[in-house]
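Student: the following comprises the amino acid sequence and a computationally predicted model.
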Amino acid sequence: MNAHRVRRLEEQLSDRDIRMLEDVKRFRLLTTRQLQRLHFPVTPLGPHVTASSATRGTTRVLNRLEELGVITRLQRRIGGIKHGSALTVWQVGAAGDRFLRARRGDPKRRRYEEPGRTFMSHMLAVADTAVALIERANAGRFELLELDLEPTCWRTFVSGSAAPITLKPDLLVVTADPETETHSFVEVDLGTEHLPAVLRKCRTYQRYHGTRTEQHDRGLFPAVVWIVPDPIRATKIRDAIAADRHLTSELFWITTPESMNRQLAPYPATVTT
């Protein structure tokens, strides 16, 4: 994209448009509802006091960005037609990719293709976790000091004489209140991985913990938080970790989306009686 076309798009895109485009690129996939929660929040003082009003405003902007070619909707939808446009899934379009690369001076072109259902479901679940944290931080519940997505949160290390290993968390999250900071590697589990695969990932975390690289860099090793769909899955993973002699159970926290703040947000103060 030449300088003239970049300037033309800059004239057509508002600051919010560009922030939305950057979020779609950063998360790789986002639904209309997730974009609404990030950029058109529902607040008592407006401009959007209801979710339906916010969704209509979001949809109008997304349709305009689609017409400009900066984003594109996927053919596959989440949840079926009965859920309406709020669960349309978006990714960066060809013009949006060229625009962002031109602004950053990045010559590397990226191909965007229709992803498979499993990949899409996982990426949107990771995005849901991140969006929920951003919402709570914006509401003043805590500070969100770090929110690194893949591949920024990945860690490559050498353990013993083996070849380099890349640990691939879904997220790295650091939250804080006036007294504490909470550091977490996050794994979003949809219940589709067999337990042996989950345990292999846990052993990779254990090996990385043993290098003490993270402890040297940040003064501690983040908790490894598995967010799983339900308590039954949580019990299975917790029991499997406890039974594995290669793993330190205290390194791993298992929770559900409804309870994740207890692990990812600043821990409540200890109450003594």
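Tutor: The structure has been received and is ready for your questions.

Student: name the helices or strands packed onto the helix or strand in which Arg7 is found?
Tutor: Using DSSP states H and E, Arg7 falls within helix 3-12. Helices and strands touching helix 3-12, by 3 or more Cβ pairs under 8 Å, 6 or more residues apart in numbering; DSSP states H and E, are helix 94-104. In this view, the C-beta of every residue, glycine as well, is placed from N, C-alpha and C.

Student: now the helix it packs on: buried residues?
Tutor: Ala95, Gly96, Asp97, Arg98, Phe99, Leu100, Arg101, Ala102 (16 or more other Cβ atoms under 10 Å).

Student: okay, helices next: where are they in the chain?
Tutor: For the chain, the helices defined by DSSP state H cover 3-12, 15-27, 32-39, 51-67, 94-104, 117-138, 195-211, 213-218, 231-243, 261-264.

Student: so which of those helices is the most surrounded?
Tutor: helix 32-39 (a mean of 22; mean count of other Cβ atoms under 10 Å).

Student: packing partners for it?
Tutor: Using 3+ Cβ pairs under 8 Å, 6+ apart, helix 32-39 sits against helix 15-27, helix 51-67, helix 117-138.

Student: would TSV of the ones you listed with mean pLDDT and distance to Ser161 be doable?
Tutor: Below are the helices and strands packed on helix 32-39 laid out as TSV (pLDDT from 0 to 100; distance: least, Cβ to Cβ, whole Å):
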stretch	mean pLDDT	distance to Ser161
helix 15-27	96	37
helix 51-67	93	51
helix 117-138	95	33
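
Student: got TSV for these, with distance to Gln34 too?
Tutor: As requested, the helices and strands packed on helix 32-39 are exported to TSV (distance: least, Cβ to Cβ, whole Å):
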stretch	distance to Gln34
helix 15-27	8
helix 51-67	10
helix 117-138	5
